[in-house]
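Chemist: Sharing a model that was predicted from the sequence below.
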Amino acid sequence: MNSLIKLELTRALRNRKFLFFSVIYPSALFLLIAGSADSTGTVDGTRLTLPTYMMVSMASFGALTAVLMGNSERIAKERESGWVRQLRLTSLPGRGYVLAKTASAAVVSLPSIVIVFVVAAAVKDVRLDAWQWLALTGAIWAGSLVFAALGVALGYLAAGDAVRPITMIIYFGLSILGGLWMPSTTFPRWLQDIAEWLPTHAYAALGRAIEQSQAPHAQDIAVLAVFFVLFTGGAAWLYRKDTLKA
């Protein structure tokens, strides 16, 4: 299994297109949204300036991109090419394949988080305590496992060219409605009520609580836990279904 993990990491790091969208794109989007923003005013409902608020949003968005887009399309293509079927003929357990995919995506997601933090600190003078930087990195990185599970599920849900539009709709829908591209406080009230129950909203809320030196809200933790169970359960069921077909 270790060999497969190394192979997956090598492939991910060699994929320039994937690296751009998962590592560089979130930082560029942060500069586009918050580059000219006022660093004194705060976002409604928080004590955070827009650059500080959007730093967590874009770090979360980068991790989401790495684990969701990377897993879903790659798994679907490998199923279609017969690579997954070949792996089943080896001694590698099914969970080993899924673990290798998740591990490679998680490794790539870490630089995307760190680079957004570096850009925010260097360009917009975002300042936090050392423990907050560490806690933010850990929370966003660990929280990305929820979406890694979703990526695995989507990879087994659809094959070939069909998986891309499905993943893109979910990817942009969760990102926009979850408040990663703009503060959800700017949404109409009814849309804010919906956003509060989305995993992306809860995901970013963990980081914003850390930025404000607050404990995470129980609702956000519960939402992430429920979606993690749903996504991992769905991935396991779809994997077994795909195995029976083979």
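Modeler: It's in.
Chemist: Flag every buried residue along stretch 236-245.
Modeler: Within stretch 236-245, the residues that qualify as buried are 236, 238-239, 242, counting by 16 or more other Cβ atoms under 10 Å. Glycine gets a C-beta too; all of them are placed from N, C-alpha and C.
Chemist: Tabulate those residues in CSV, adding columns for distance to Ala158, pLDDT and secondary structure.
Modeler: Converted to CSV, those look like this (distance: Cβ to Cβ, whole Å; pLDDT from 0 to 100; DSSP: H, G, I helix; E, B strand; the rest coil):
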residue, distance to Ala158, pLDDT, secondary structure
Ala236, 17, 77, helix
Leu238, 10, 79, helix
Tyr239, 14, 74, helix
Asp242, 11, 70, helix
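Chemist: What pLDDT is listed against Leu68?
Modeler: Listed pLDDT for Leu68 reads 87.
Chemist: measure it to Trp190 for me?
Modeler: Noted for Leu68: a distance of 26 Å to Trp190, by Cβ to Cβ, to the nearest Å.
Chemist: Which one's more surrounded, those two?
Modeler: Counted by other Cβ atoms under 10 Å, Leu68 and Trp190 do not tie: Leu68 has more neighbours, with 27 against 8.
Chemist: and Gly62, what does it touch?
Modeler: Residues counted as contacts of Gly62 (Cβ atoms under 8 Å, 6 or more residues apart in numbering) are 22-23, 25-27, 109, 112-113, 115-116.
Chemist: Could you do Gly207 as well?
Modeler: Gly207 sits next to 56, 59-60, 136, 139-140 when contact means Cβ under 8 Å, 6+ apart.
Chemist: OK, contacts around Pro183?
Modeler: Going by Cβ under 8 Å, 6+ apart, Pro183 touches 43-44, 50, 53.
Chemist: thinking Asp125 is in contact with Thr40, fair?
Modeler: No. Applying Cβ atoms under 8 Å as the test, Asp125 and Thr40 come out as separate, 11.3 Å apart.
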